[in-house]
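Enquirer: Give me coordinates for this.
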Amino acid sequence: MTWAGQSAPKLVAEVEHFIPYVNITGSPGPRDKQRAYRNGFLFLFAQPLQALKSILSGLQYLGSTRQPPPSLFKIATTAPNEIGVSGELAAQLLHRRQKDLVHFARPLQVAEPSLPSEVRAAPLVEAVNETLAALGISAPLKVEEIQDVGFRVLFGSASLSHVGRGLGYLLPLIELGLIADPLHFDGQAGSTPVATYAARCPSYTQIALEEPEAHLHPKVASQLAHWLVSLAMTNRRLIVETHSDHLVRRLRGLVARAGKGSELEQWLLGNVVVLSVEQDAAGLSTVTPSHLTAEGGVGEVWPADFMDEATDEESAIYYAKLDKTKDDATTGSVNWNDNDEPEGDDAP
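Expert: Numbers count the residues shown, from 1 in each chain. Below is the predicted model of the structure:
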């Protein structure tokens, strides 16, 4: 390798879980420049790389695929501390830790949203049900023991394998947000002010979600934005990869609905960043950040081809309707729309 244009054949760069290291091979003398090069690397990068390592070691990731759930689950011999990258441990974690406390804020309200004032501490199953209800899922979740056999996860009276893919995809997502609580499984049940909770947290947790909207109803995908914002307001940092215009539109809607100059508006403007990733002809990717605007826009840089299909289709429908109206007008007919207003040449 080279250092500042100087050859350094005894320096070897290695990468371990995204973290680069520089080591010396052989036995260079104490005054060898390559030792100074390595010391220079450590001086510049050791502290930030250690911080990055700490972040990555606590990163919780959930992918966009799920394994089909069985009707009956085996009981885990030890209580899991994570749900797995595909949510494969979500049922076992829910079963073994259903009474353990997690801290969370309820999803923001659609009408007149505002910053959460308190953080709830509740058993995991109760917290899951409160969150699901806030997202519009009314069927209560419960864990049913089957003696000497295992357990079932039920929504109402239906098992997880019989309620459709949407709930099977949503449940691990809700669980991950809850157990990512920096104070998870600790404390006492009840409510505390957000500032008190934040002061007790030793740090932030890091969450990465891949297409969390997968298999969700558009209404639930929209309300998912409320849940993600509430998580971010309670010491969780999130990276969300999404193709959902419903989710992004709702984020824009939240800041547009927030009162002018309100705490919520300021929080959203300062903490929500839309990253556009575009690839050029050479295969190189460029990441462009944009912040929300108070009016619900996305800065000056909007991701290319994102949400264009919906708007383009609406435009095509609108102009096709105008063409048909003109054709009717040439034959002397007048059409009436749902508002009892004439269309065509007689329309105002």
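Enquirer: which residue ranges form the helices in the stretch 201-348 of the chain?
Expert: 218-232, 245-257, 263-271, 308-330 (DSSP state H, counting those that start in this stretch).
Enquirer: and among the ones you listed, the most buried is which?
Expert: helix 218-232 (a mean of 21; mean count of other Cβ atoms under 10 Å). The C-beta positions use only the backbone N, C-alpha and C, and glycine is treated the same way.
Enquirer: angle of that helix against helix 263-271?
Expert: For helix 218-232 against helix 263-271, the angle between stretch directions is 80 degrees (axes from the mean of the first three to the mean of the last three Cα atoms, to 10 degrees).
Enquirer: Out of the helices of the stretch 201-348 of the chain, which gets nearest to residue 193?
Expert: helix 263-271 (13.9 Å; Cβ to Cβ).
Enquirer: hmm, who's touching that closest one?
Expert: 108, 113-115, 229, 232-233, 251, 254-255, 258-259, 291-294 (Cβ atoms under 8 Å, 6 or more residues apart in numbering).
Enquirer: on that earlier part again, so which of the helices of the stretch 201-348 of the chain comes closest to residue 88?
Expert: Once the helices of the stretch 201-348 of the chain are compared by Cβ to Cβ, helix 218-232 is nearest, at 21.2 Å.
Enquirer: from the chain's centre, how far out does the closest one sit?
Expert: 8 Å (Cα atoms, centre = their mean, to the nearest Å).
Enquirer: Would you agree residue 114 is in contact with residue 194?
Expert: No: at 11.7 Å, residue 114 does not count as touching residue 194 under the criterion of Cβ atoms under 8 Å.
Enquirer: I'd say residue 169 and residue 215 touch.
Expert: Yes: Residue 169 sits in contact with residue 215 when judged by Cβ under 8 Å, with a separation of 4.7 Å.
Enquirer: Please enumerate the shared neighbours of those two.
Expert: Common neighbours of residue 169 and residue 215 (Cβ under 8 Å, 6+ apart) do not exist.
Enquirer: And those two? Which one has more around it.
Expert: Counted by other Cβ atoms under 10 Å, residue 169 and residue 215 do not tie: residue 169 has more neighbours, with 20 against 16.
Enquirer: Residue 235 versus residue 23, what's the distance?
Expert: 36 Å (Cβ to Cβ, to the nearest Å).
Enquirer: Looking at these two, which one has more neighbours?
Expert: Between residue 23 and residue 235, residue 235 has the larger neighbour count (other Cβ under 10 Å), namely 21 against 10.
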